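Undergrad: output the structure for:
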Amino acid sequence: DGSYNRVAAFARDWKANRLREQQTSGRGTFVPLAFQAGEAFQFDCSEDWAVLGGEKTKLQVAHFKLSHSRAFFIRAYLLQTHEMLFDAHLHAFRVLGGVPRRGIYDNMKTAVDKVRTGKARQVNMRFQAMVSHYLFDAEFCNPASGWEKGQVEKNVQDARHRLWVPIPAFPDLTALNLWLEERCIALWREIPHNELPGKIADIWAEEQAYLMAPPRPFDGFIEHTKRVTPTCLIHLERNRYSVPASFANRPVSVRVYPERVVVAAEGQVLCEHPRVIDRSHHKAGRTIYDWRHYLAVIQRKPGALRNGAPFIELPEAFHRLQLNPLRRPGGDREMVEILALVLQHDEAVVLQAVEL
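TA: Below is the predicted model:
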């Protein structure tokens, strides 16, 4: 038995007590953390902007910070994907001088496939392979609990005015990352450590002895199975890349790295291309040819040499030579035989002979 007024009064008291508990022992208060040398690093991502090649570009930026010495490392990418994450760890451990025993992360999709109850996580298999390779333990914060890796969260904010204001301008991403690496190391020598006497660089030099030596680089690719089209192309991220003609209409393994695309089959690498990343969806995808991949085709169909799209990119000496044979009957086949010499001889030697 009771009344609405008594239930409402109980609810008011319960809410007031709950608020007091939160302010004293909940999210309103925190416990200061202390880390031993070589114990842990913290990782986070951010979005920032830079001018690359004259065009303002949004970047996905990886942040690493050693929890003891506070030494930090920053590297920028065009996408936030598995292969970018693996590459960021490779360069971070190189610059920081070793691997700590633990890594502290939030629940990013490139590492965690599913967040379960409490601390249980379904970790991505490729991420787990990288962790096992470098022999550190990966720990994940509770959802929406950024204070559990507060050092790197603060580093993201500090980097905004230290590195991204004014907006840096560089010819390409490689030049930007080289500058970011040099700038981080320079800042270590300028910024004092908040808790220990000396600069960050001084404490980092002492921490080196406690870090695990980095092993050989982790082969951080993401693999896809693709079928080569009759025109000797594979499709990836709205772009097309050529493959040797002998593998047309067959399945191949496509290994995607941050800066290159490697095509493999039957236990061997078939070819490699620079990776094209274009985030503008209003532009058509690009086709990246290697004219050598089509030599087997034009040996059977020499007439395709005249207007074949892959052969627009022939070296200039081949283009000059091509003007003469194509004017007479049988010239197509003669030019194909000359191009086919690169299959048995060094291409530089063939080009030198053509120029002579």
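Undergrad: each with direction, which strands does the strand or helix carrying Gly103 pair with?
TA: Take DSSP states H and E as the rule and Gly103 turns out to sit in strand 102-105. Next to strand 102-105 in the sheet, as set by DSSP bridges, lie strand 40-52 (parallel), strand 137-140 (parallel).
Undergrad: list the buried residues of the lengthiest helix in the chain.
TA: Ranked by residue count, the top helix of the chain under DSSP state H comes out as helix 4-25. Buried residues in helix 4-25, counted by 16 or more other C-beta atoms under 10 Å: none are found. C-beta coordinates here come from the backbone N, C-alpha and C atoms, glycine included.
Undergrad: one more: stretch 338-353?
TA: By neighbour count on 16+ other C-beta under 10 Å, the buried set for stretch 338-353 is 339-342, 350-351.
Undergrad: repeat that for stretch 165-178.
TA: Neighbour count says stretch 165-178 has 168, 170, 173, 176-177 buried, by 16+ other C-beta under 10 Å.
Undergrad: ok, now stretch 42-50?
TA: 42-46, 48, 50.
Undergrad: returning to that earlier point: could the strands paired with strand 102-105 be laid out in JSON lines, adding distance to Ser280 and mean pLDDT?
TA: Shown next, in JSON lines, are those (distance: least, C-beta to C-beta, whole Å; pLDDT from 0 to 100):
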{"stretch": "strand 40-52", "distance to Ser280": "13", "mean pLDDT": "96"}
{"stretch": "strand 137-140", "distance to Ser280": "34", "mean pLDDT": "95"}
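Undergrad: using PDB, write out every CA atom in stretch 105-123.
TA: Output of stretch 105-123 as PDB, limited to C-alpha atoms (Å, rounded to 0.1, in the frame of the first residue of the first chain):
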ATOM      1  CA  TYR A 105      43.800   1.300 -26.600                       C
ATOM      2  CA  ASP A 106      40.200   2.400 -27.000                       C
ATOM      3  CA  ASN A 107      37.800   0.100 -28.700                       C
ATOM      4  CA  MET A 108      38.700   1.200 -32.300                       C
ATOM      5  CA  LYS A 109      37.200  -0.900 -35.100                       C
ATOM      6  CA  THR A 110      40.600  -1.600 -36.600                       C
ATOM      7  CA  ALA A 111      41.400  -3.600 -33.400                       C
ATOM      8  CA  VAL A 112      38.200  -4.700 -31.800                       C
ATOM      9  CA  ASP A 113      35.500  -6.600 -33.800                       C
ATOM     10  CA  LYS A 114      33.000  -6.700 -30.800                       C
ATOM     11  CA  VAL A 115      32.900  -5.200 -27.300                       C
ATOM     12  CA  ARG A 116      31.600  -7.800 -24.800                       C
ATOM     13  CA  THR A 117      30.700  -7.600 -21.200                       C
ATOM     14  CA  GLY A 118      33.300  -6.000 -18.900                       C
ATOM     15  CA  LYS A 119      36.900  -6.200 -20.300                       C
ATOM     16  CA  ALA A 120      36.100  -9.000 -22.700                       C
ATOM     17  CA  ARG A 121      36.800  -8.200 -26.300                       C
ATOM     18  CA  GLN A 122      36.600 -10.000 -29.600                       C
ATOM     19  CA  VAL A 123      39.900  -8.800 -31.100                       C
END
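Undergrad: pull out the buried positions in it.
TA: Those would be 105-106, 110-112, 121, for stretch 105-123 by 16+ other C-beta under 10 Å.
Undergrad: go on, stretch 77-89?
TA: Neighbour-count burial for stretch 77-89 [16+ other C-beta under 10 Å]: 77-78, 80-89.
Undergrad: closest to Val254 among those?
TA: Using C-beta to C-beta, Glu83 comes nearest to Val254 of those, at 11.8 Å.
Undergrad: now do the SS call for that closest one.
TA: On the three-state scheme (DSSP: H, G, I helix; E, B strand; the rest coil), Glu83 is labelled helix.
Undergrad: distance of it from Asn194?
TA: 35 Å (C-beta to C-beta, to the nearest Å).
Undergrad: before we move on, what about Asp278?
TA: 42 Å.
Undergrad: ok so, going back, now the buried residues of stretch 77-89 as TSV including pLDDT?
TA: Compiled in TSV, the buried residues of stretch 77-89 are given as follows (pLDDT from 0 to 100):
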residue	pLDDT
Tyr77	97
Leu78	95
Gln80	93
Thr81	94
His82	95
Glu83	96
Met84	96
Leu85	97
Phe86	97
Asp87	97
Ala88	97
His89	98
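Undergrad: Serialize those to CSV and add fields for distance to Gly267.
TA: Formatted as CSV, the buried residues of stretch 77-89 follow (distance: C-beta to C-beta, whole Å):
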residue, distance to Gly267
Tyr77, 30
Leu78, 31
Gln80, 32
Thr81, 26
His82, 23
Glu83, 22
Met84, 27
Leu85, 27
Phe86, 23
Asp87, 25
Ala88, 29
His89, 27
